[in-house]
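Visitor: pasting the structure only:
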């Protein structure tokens with residue numbers, strides 16, 4: 001969060017400075033579910049402690065806290081790419097709070113969904129020479145799978161050593177007008193944003209220590225341990241002490257901060273494609289002491305740039321021969337190549353039916369109602385009601401290409417109508433969902449702003465574990481429904497409150513996990529932080545060379 005964005009911007013002039021002033025003029029959105037307030041002055045049970053604290057603060061006190069958060073992020077170098085410029089990631093000073101009961105339902109729903117997505121991907125890629133069972137049984141048409149931009153025949157028949165393809169997932173949720181959590185989309189290709197969950201919590205704990213001393217907020221610091229344990233479990237059969245690396249497109253990727261942070265916290269090497277070589281079916285990493293075998297690659301670039309032999313021949317971001325090494329069982333890649341077919345927003349519309357088919361269960365978390373534009377009746381309905389719909393490209397990410405009909409002008413709708421008629425397979429449409437709101441600090445006052453939630457799940461082959469909280473993204477402009485940081489959105493720290501059984505479970509899991517892996521501590525805000533040193537060193541030694549490669553083959557964006 002930058003101080004000008006959160007604490008100073010706006011058009012209201014100086015805010016009053018008395019206890020309770022933060023809520024002066026707070027107006028509930030009549031069309032959205034406010035997560036903190038049932039009505040003005042009446043907080044919901046989950047938010048009573050936070051509301052009491054905010055109501056007892058002056059605007060000046062809150063601005064001071066917000067400024068501390070902004071400085072903390074600047075010191076840590078927590079940035080993202082917005083319109084080609086590196087900026088501090090906006091962190092709002094008001095947390096989002098989720099009760100233990102609500103989180104139990106979210107957690108169960110995410111685990112169920114990830115399990116079904118694993119089953120779908122296994123069905124698609126493991127049955128070489130056969131149609132997937134879900135296709136044979138008429139659940140989903142084969143033409144939709146085969147026509148997906150991210151379905152890769154090159155990896156058909158490759159079976160992961162421990163059966164896991166979705167090692168890390170980010171399932172985007174929204175809360176509708178009735179307070180019901182719904183799945184907006186699935187991210188099982190290269191889900192990003194968990195670094196902001198970790199950084200948000202660290203900053204909030206430093207600026208609001210009293211809240212963490214009095215409230216039972218579930219921690220998020222176990223994520224690097226969870227991730228490293230899952231990556232090690234994915235190593236090829238017979239590997240006793242696997243070498244894990246994080247593969248990044250490089251310092252110019254918008255999520256490079258996250259790549260470097262996770263590599264450091266897991267205590268593994270951060271590598272670029274030029275650091276890897278494939279010889280004799282074995283992937284090796286160049287080091288100052290010679291080449292070292294690599295067993296597991298946590299890739300943070302799109303599949304199309306991973307192996308120029310099988311995908312984009314002009315890519316210089318991956319490693320030639322990597323797919324052959326995977327097929328030979330000599331290296332594992334997380335997330336698995338080809339997962340993007342499950343990210344396709346048209347396939348998304350079938351996931352509730354696929355949950356029933358594979359798991360024989362009803363979905364815990366419903367989808368947002370979706371019209372499949374490739375079906376003529378649905379397309380006619382969408383074209384007739386285009387000004388009432390949210391229309392999305394099936395392979396879009398970061399809000400790119402999305403059109404909200406209620407906000408679009410006639411020229412935009414006419415252009416969209418032509419695109420839908422020309423390529424109905426490339427689009428879905430959904431009714432406008434008024435995302436829930438949470439009070440957000442704007443110009444020294446609190447105002448309702450729309451939010452979504454991306455919980456992160458990690459699958460180690462034995463169980464799917466969901467990080468308690470996830471990334472809450474907030475749309476900072478008034479009335480804005482697009483929350484993506486690439487569209488000017490910010491974030492909130494997400495506080496999941498502990499139930500009694502969570503405390504006992506955590507003690508047991510912490511004891512077990514501590515015997516599995518050792519992770520590094522989070523980076524400090526010192527100017528001599530090794531993360532910053534690494535960035536500076538790479539910028540000095542490789543910037544010109546990397547710009548030339550990037551110009552020839554621009555990296556795919558993360559989601």
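Guide: Okay, I see it. It should be emphasised that the depicted structure is a prediction, and the values quoted were computed from it without experimental measurement.
Visitor: surely residue 469 is within a helix?
Guide: No: the assignment for residue 469, made by DSSP: H, G, I helix; E, B strand; the rest coil, is coil rather than a helix.
Visitor: the residue lying farthest from the centre of the chain is in what secondary structure piece?
Guide: Among the C-alpha atoms of the chain, the one farthest from their average position, using Cα atoms, centre = their mean, is that of residue 18, at 38.3 Å. Counting by DSSP states H and E, no helix or strand carries residue 18.
Visitor: and residue 224, by the same measure?
Guide: Since the elements are taken from DSSP H and E, residue 224 ends up inside helix 223-233.
Visitor: tell me the strands beside the following helix or strand past that helix, with direction?
Guide: Note on helix 223-233: by DSSP H and E, the next helix or strand toward the C-terminus is strand 244-247. Each strand pairing with strand 244-247, determined using DSSP bridges, is listed with its direction: strand 269-271 (parallel), strand 296-299 (parallel).
Visitor: got those as CSV, with mean neighbour count columns?
Guide: Quick note: C-beta positions are derived from backbone N, CA and C, even for glycine. Supplementary listing: the strands paired with strand 244-247 in CSV, determined by neighbours: other Cβ atoms under 10 Å:
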stretch, mean neighbour count
strand 269-271, 19
strand 296-299, 26
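Visitor: of these, which is nearest residue 159?
Guide: Shortest distance between residue 159 and these, using Cβ to Cβ, is found for strand 296-299: 15.6 Å.
Visitor: now do the closest one, average pLDDT.
Guide: On average, the pLDDT along strand 296-299 is 98.
Visitor: residues in contact with that strand?
Guide: Here strand 296-299 makes contact (Cβ atoms under 8 Å, 6 or more residues apart in numbering) with 167, 190, 227, 231-232, 234-235, 242-247, 262, 276, 283, 306, 322, 331-335.
Visitor: now the helix or strand following it: average pLDDT?
Guide: Scanning forward in sequence from strand 296-299 by DSSP H and E, the next helix or strand is helix 322-327. Taken as a whole, helix 322-327 has an average pLDDT of 96.
Visitor: repeat that for stretch 160-169.
Guide: According to the model, stretch 160-169 has a mean pLDDT of 96.
Visitor: for the helix holding residue 224, buried residues please.
Guide: Within helix 223-233, the residues that count as buried by 16 or more other Cβ atoms under 10 Å are 223-233.
Visitor: next one: stretch 458-473
Guide: When neighbours are counted by 16+ other Cβ under 10 Å, the buried residues of stretch 458-473 are found to be 458-460, 464-473.
Visitor: now, which of those sits nearest residue 257?
Guide: The nearest one, if we look at the buried residues of stretch 458-473 relative to residue 257 and count by Cβ to Cβ, is residue 471, at 13.9 Å.
Visitor: so what's the closest one up against?
Guide: 170, 193-194, 196-197, 200, 453-454, 456, 491, 494.
Visitor: and the furthest pair within the residues you listed?
Guide: By the measure Cβ to Cβ, 170 and 200 form the most distant pair in those, at 15.2 Å.
Visitor: these two: which has the busier surroundings?
Guide: A count of neighbours by other Cβ atoms under 10 Å puts residue 200 above the other of residue 170 and residue 200, at 26 against 23.
Visitor: which ones are touching the more buried one?
Guide: So, once contact is read as Cβ under 8 Å, 6+ apart, residue 200 ends up touching 91, 471, 491-494.
Visitor: number of residues surrounding residue 101?
Guide: Burial measure for residue 101: 10 neighbouring residues, criterion other Cβ under 10 Å.
Visitor: likewise for residue 109?
Guide: Using other Cβ under 10 Å, residue 109 is surrounded by 22 other residues.
Visitor: what do you get for the one 5 residues further on?
Guide: Close neighbours of residue 114, defined as other Cβ under 10 Å, add up to 21.
Visitor: can you pull the contacts of it?
Guide: The neighbourhood of residue 114, defined by Cβ under 8 Å, 6+ apart, consists of 166, 169, 171, 188, 457, 459, 464.
Visitor: what does residue 275 give?
Guide: Neighbour list for residue 275: 285-286 [criterion: Cβ under 8 Å, 6+ apart].
Visitor: quick one: low-confidence parts of the stretch 201-350 of the chain?
Guide: Counting by pLDDT under 70, the stretch 201-350 of the chain contains no low-confidence segment.
Visitor: that's a helix at residue 157, yeah?
Guide: No: under three-state DSSP, residue 157 falls outside any helix and is assigned coil.
Visitor: strands along the stretch 251-400 of the chain, start to end?
Guide: Using DSSP state E, counting those that start in this stretch, the strands of the stretch 251-400 of the chain run over 269-271, 276-279, 282-285, 292-293, 296-299, 332-334, 371-372, 389-393.
Visitor: just for this protein, where's the confidence low?
Guide: For the chain, counting by pLDDT under 70, the residues that fall below are 1-16, 79-88, 398, 485-488, 500-559.
Visitor: which one's the longest strand in it?
Guide: strand 445-454 (DSSP state E).
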